[in-house]
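K.L.:
predicted model and sequence follow; I will ask about them next.
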Number of protein chains: 2
Amino acid sequence: MTADQTAAWAEQAIAEAAHEPGSAHPSREEQVLLRIERARRRRPKVREERITLAHGAGGKATRTLIDAVFVDAFRNPALEPLGDGAVLDVNGGRLVFTTDSYVVSPLFFPGGDIGDLAVNGTVNDLAVCGARPLYLSAGFILEEGFPVADLRRITASMAAAAAHAGVTIVTGDTKVVQRGRGDGCYVTTSGVGVLEREITLGEPMVRPGDAVIVSGPIGEHGITIMIARGELDIEADLASDTAALHDIVATLLDAVPVRMLRDATRGGVATVLNEVAQAAQVSVVIEEPAIPVRPVVTGACELLGLDPLYVACEGRFVAVVDGDHADAAVAALRGHPLGEGAAVVGVVEADPAGLVLLKTAFGGTRIVDVLVGDPLPRIC
Amino acid sequence: MTADQTAAWAEQAIAEAAHEPGSAHPSREEQVLLRIERARRRRPKVREERITLAHGAGGKATRTLIDAVFVDAFRNPALEPLGDGAVLDVNGGRLVFTTDSYVVSPLFFPGGDIGDLAVNGTVNDLAVCGARPLYLSAGFILEEGFPVADLRRITASMAAAAAHAGVTIVTGDTKVVQRGRGDGCYVTTSGVGVLEREITLGEPMVRPGDAVIVSGPIGEHGITIMIARGELDIEADLASDTAALHDIVATLLDAVPVRMLRDATRGGVATVLNEVAQAAQVSVVIEEPAIPVRPVVTGACELLGLDPLYVACEGRFVAVVDGDHADAAVAALRGHPLGEGAAVVGVVEADPAGLVLLKTAFGGTRIVDVLVGDPLPRIC
């Protein structure tokens, strides 16, 4: 197809996707073309001349940076769906490949450390793509003066997390930078998994009538990190939710037809839902009282002026499933130790396309917009 | 096998490998067991309590850190050969998976920048494992305040390098750290390739009688970086040798039986040869006059008190080939634009096992030891 033909085709496909909820699913290739066309139309621009913390927060600025700089430079069909991992055809099978850098501060926190966070995070990126996680790599950027004992603690934690998730750390690299050019230890994990299921997951698969599910209470990782920094005069009995989600994801995929999965890390559940609304050109309507949040998280968020919907989780995911199977999905999740607090939090509707709406406990409705700024820097 | 049986078997295998050059090659599994056993025997210890720049230099301290901390924590057969990448069985084929973090300073230098360095480096790690490079991931750790224009320059350079090497950057991640917690931009690239050739490469395949080849003049990348830092009052007409080696490696593999390939990055050619000598328990004897070094590099090294054998290249590799095919190997390399300066620099002998010896231009012989300290920090 020429660019013009692609544009015309995509125009029609977008119109169909938006207005004909009963129409057949777009194929993987069609989805990719759709995304490419949308990216071309948006032509996003980074207005800032210099990188700000907001560019790393996972919200609007991150998305603009990714679209305007990275996607613009690297443009290709495997990258452009911008999922948690890339789905690749290798050796006659489907492989999923993903990477994440971890710069969490502090390095050690209640419930985990940068090591298990990095392993679980990469395992989760593979899992929410529907893959069985297999192999991980680990690249370390260490700051001169970093205690070797802390590095041992981090690697021990990574080894334990890898063993728990059934993955193997097969290759790695270490670099050292001078004092003041790093912050102790940064870790970049990449992962490879196999996609053995005959499924296509992704935001474009979502359609009106679907149900939106959260796998457990939200915001615990983010609030734990904020408290662990000691900048706030709060003490709370709270630990990071960091966990490997491959098993609970497999449980869900075995149980019901799933449209889309995404772990709710930087930017939290609100960011995931906005990506769904925009990519599928649907409306996501969530009910405030249905959202699982522990009182300690609600309390801390009130003190900090934060909305828990934007706070990072590292062991929770958002699932959009066929609306007829919502109860079965929640039942399957609740039967798993990591899904005890799973709940249907909302539904997908046709209009207003591209928006996330929150029905509050008091009967009002407000728009849940994409995250602007970075209230919680270096959360992962 | 029990640990004792493994030890006994490995003992015998090591003895055979050292003293029976004509014996059959060890199988891949045997090699791995050999390596595991050797690692167990060494039981290296990190003596320092804190990380130093030398731990990132690629020499003795790096190796000790890797063995004592990373291998000790992650211990598994895919990791322990400690090659440039891990060879994995996936979907019925052989996959190679590798990762490297790049912290080079300055970010832009004659002949390249951190972007093409990162892409070429990961392509090369796959290539020297005998793989056809396919897909790359890229994780960015950006410092608050980093110019967006510089990031664009880096991503453009990565895109061009990827296109040139025939690989696709399919997934990525961006994190931002506060001012003073980074140094502009760090990049971690991981790569996936397929091993389609029925070959086993690696230091343990090396045996007495083999020839040692360098693919071109050495040390240009390292010296270019030193000069680009502006700390030295030297000007030289020199550029980094950064280049993707997959094509010239394929040319060599098509031409002759190859035992081992390694790109000579941190720690330079001397470090690669020491790893060969130790892993294969052989002696590597090189001839000083045969080593290709441009006069400008020799001159700069003299001024800096450096030995070019320890200076990093980013577009050169060391190959050990069957001694009977040494001339054919060099002819094949010289027929490729990246191999014009290829030369046989030495031979493999049985004794003294574990050492690299240099025959100087004046008829003397000295030991080329492993690198201690870090004369050239953040070279890649």
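P.N.:
In hand now; what should we look at?

K.L.:
name the next helix or strand following the strand ranked longest in chain A along the chain.
P.N.:
Among the segments of chain A that qualify as a strand by DSSP state E, the longest is strand A:132-143. Per DSSP states H and E, the first helix or strand lying C-terminal to strand A:132-143 is helix A:148-165.

K.L.:
do any residues in that next one lie close to chain B?
P.N.:
Yes - with Cβ under 8 Å from any Cβ of the partner chain as the criterion, chain B is reached by helix A:148-165 at A:148-149, A:151-152, A:155-156, A:158-159, A:162. Quick note: C-beta positions are derived from backbone N, CA and C, even for glycine.

K.L.:
next, the angle from that helix to strand A:132-143.
P.N.:
For helix A:148-165 against strand A:132-143, the angle between stretch directions is 170 degrees (axes from the mean of the first three to the mean of the last three Cα atoms, to 10 degrees).

K.L.:
quick check, A:Gly111 in contact with A:Asp241.
P.N.:
Yes - counting by Cβ atoms under 8 Å, A:Asp241 is a contact partner of A:Gly111 at 7.2 Å.

K.L.:
quick check: neighbours shared by the two?
P.N.:
Shared contacts of A:Gly111 and A:Asp241, defined by Cβ atoms under 8 Å, 6 or more residues apart in numbering or on different chains, comprise A:His221.

K.L.:
which one's more surrounded, the two?
P.N.:
Set side by side, A:Gly111 and A:Asp241 show more neighbours around A:Asp241, with 24 against 19, by other Cβ atoms under 10 Å in any protein chain shown.

K.L.:
quick check, that one in a strand?
P.N.:
No - under DSSP: H, G, I helix; E, B strand; the rest coil, A:Asp241 falls outside any strand and is assigned coil.

K.L.:
retrieve the pLDDT associated with it.
P.N.:
According to the model's per-residue confidence, A:Asp241 sits at a pLDDT of 98.

K.L.:
what about it, distance to A:Ala127?
P.N.:
Spatial separation of A:Asp241 from A:Ala127 under the definition Cβ to Cβ, to the nearest Å is 15 Å.

K.L.:
can you check A:Pro292 too?
P.N.:
Applying Cβ to Cβ, the value for A:Pro292 to A:Ala127 is 20 Å.

K.L.:
who has more neighbours, these two?
P.N.:
Each of A:Pro292 and A:Ala127 had its neighbours counted (other Cβ under 10 Å), and the higher figure belongs to A:Ala127 (29 against 18).

K.L.:
pretty sure that one is touching A:Thr251, no?
P.N.:
No - A:Ala127 is not in contact with A:Thr251 according to Cβ under 8 Å; the separation is 10.9 Å.

K.L.:
so what does the closest residue to A:Asp351 other than its chain neighbours have for phi and psi?
P.N.:
Here the nearest residue to A:Asp351 in space, its sequence neighbours aside, is A:Ser283; by Cβ to Cβ, 6 or more residues apart in numbering or on different chains that works out to 5.7 Å. Torsion angles at A:Ser283 (phi, psi; degrees, to the nearest 10) stand at phi -110, psi 140.

K.L.:
hmm, A:Ser283 is touching A:Val348, no?
P.N.:
Yes - here A:Ser283 reaches A:Val348: they are 7.1 Å apart, a contact under Cβ under 8 Å.

K.L.:
compare neighbour counts for those two and give me the winner.
P.N.:
When A:Ser283 and A:Val348 are compared on other Cβ under 10 Å, the one with more neighbours turns out to be A:Val348, at 23 against 20.

K.L.:
re the thing from before, ok, the residue nearest to A:Asp351 - contacts?
P.N.:
Each residue near A:Ser283 by Cβ under 8 Å, 6+ apart is listed here: A:208, A:277, A:348-357.

K.L.:
then A:Ala68?
P.N.:
The neighbourhood of A:Ala68, defined by Cβ under 8 Å, 6+ apart, consists of A:44-46.

K.L.:
so which of those is the closest to chain B?
P.N.:
Within these, the smallest distance to chain B is 5.3 Å, found for A:Val46 (Cβ to the nearest Cβ).

K.L.:
what's the closest non-adjacent residue to the closest one?
P.N.:
The spatially closest residue to A:Val46, leaving aside those adjacent along the chain, is A:Ala68, at 4.8 Å (Cβ to Cβ, 6+ apart).

K.L.:
now A:Met158
P.N.:
Leaving aside its sequence neighbours, A:Met158 sits nearest to A:Gly115 (Cβ to Cβ, 6+ apart; 4.0 Å).

K.L.:
three-state assignment of that neighbour?
P.N.:
Judged by three-state DSSP, the three-state class of A:Gly115 is helix.

K.L.:
near it, how many other residues are there?
P.N.:
A total of 27 residues lie near A:Gly115 under the criterion other Cβ under 10 Å.

K.L.:
give me every residue that touches it.
P.N.:
A:153-158, A:161, A:187.
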